[in-house]
Structure formats: C-alpha cells, structure tokens
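Undergrad: Any chance you could fold what I've pasted below:
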Amino acid sequence: MIYVTRRAEFAASHYYHNPKFSAEENRRIFGKCNNPHGHGHNYAVEVTVAGEVDPATGMVMDLKELKKILEKEVLDLMDHRFLNKEVPAFATTIPTTENIAIEIWKLIAPKLRIGKLHRIRLYETPDLFVDYLGE
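TA: Presented below is the predicted three-dimensional model:
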C-alpha cells in the first residue's frame, strides 16, 4: 500500500456557538472563540489517498486530479469564507477544527475514482492539527 498526500492552504473565519447553551455558558466554554463577529485562521489541509501503484502509470493516482478535487470541493467552498454563515454544513454544526476535518472528508471521499481516502490532516496553526481517519 502506498500513501500519497496533497497539501493546500485556505483562510476562513468562524466562531464557536452552541444555541443550546446560554450566552454565559457559550462564553465560559468557548471564550474568545465565541465572538459573534468571528475570528480567522490560515488553515493547511493535507489529503492522503491510499492505494496500489498502477503498473501502467506508476502512480496511485494523478496528483493533479487530487488537486482539482481539493480546489473544487474544499477551497472554492471554504477559502475566504465565514464558515458559520457561508458553508451550509456549519449552519447547524460548530466549525471546530475537528468538524471542519470531518466535513472535508465528506466532500472529498465520494469524488475519488482511484484510491481510497486515508486521512485528512487539518492544521489550524503550525502546532495545532487534527487527524481524521474516517468513520
């Protein structure tokens, strides 16, 4: 089994808020991240696909194809967006790093024709990242 990874970067803003919590509880749990005007991050996402090397091409998959999928399904949707307001999945789900990684998986996995999605790694800062290995 071979693993190939494509990396991309995007910027987005969001805030953490659970409508089931009181205003005080939201502030206590989420702190500065509960600011209703949001705050931004420069994210980096790594998409790893697993598969066998095709003897005819010498590749698991064409990484240009993975780049196109990543751009169309993730970057076009999330780059320079206020996630809570502009990305439908986050109208009802708190856009934490964990939930963003899960959403990216849901967007990319069905689009792969070759290989199998192995991992989404989403960096919120250089020293904070989430690995999502599917369900």
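Undergrad: Following the chain onward from the longest helix seen in the chain, which element is next?
TA: Longest helix in the chain by number of residues (criterion: DSSP state H): helix 97-108. Counting by DSSP states H and E, the next helix or strand C-terminal to helix 97-108 is strand 116-125.
Undergrad: average pLDDT for that next one?
TA: Per-residue pLDDT over strand 116-125 has a mean of 95.
Undergrad: In contact with the residue lying closest to Tyr132 once chain neighbours are set aside, which residues?
TA: Leaving out its chain neighbours, the residue that sits closest to Tyr132 by C-beta to C-beta, 6 or more residues apart in numbering is Ala101, at 4.1 Å. Heads up, the C-betas are built off the backbone N, CA and C, glycines and all. Neighbouring residues of Ala101 by C-beta atoms under 8 Å, 6 or more residues apart in numbering: Val45, Ile120, Arg121, Leu122, Val130, Asp131, Tyr132.
Undergrad: Does the second one touch Val47 like I think?
TA: Yes. With contact defined as C-beta atoms under 8 Å, Ile120 and Val47 form a contacting pair (6.1 Å).
Undergrad: what do the two both touch?
TA: Ile104, Ile108.
Undergrad: show me where the chain has helices.
TA: According to DSSP H, the helices that the chain contains are 23-30, 63-70, 76-78, 83-86, 97-108.
Undergrad: and Ala44, bridged to which residues?
TA: Glu9, Tyr123 (DSSP bridges).
Undergrad: Looking at it now. What's its pLDDT?
TA: On the pLDDT scale, Ala44 gets 97.
Undergrad: Distance check, it against Ile104.
TA: For Ala44, the distance to Ile104 (C-beta to C-beta, to the nearest Å) stands at 12 Å.
Undergrad: neighbour count winner among the two?
TA: Ile104 (24 against 16; other C-beta atoms under 10 Å).
Undergrad: what's near enough to touch that one?
TA: Val45, Val47, Glu73, Val74, Ile120, Leu122, Tyr132.
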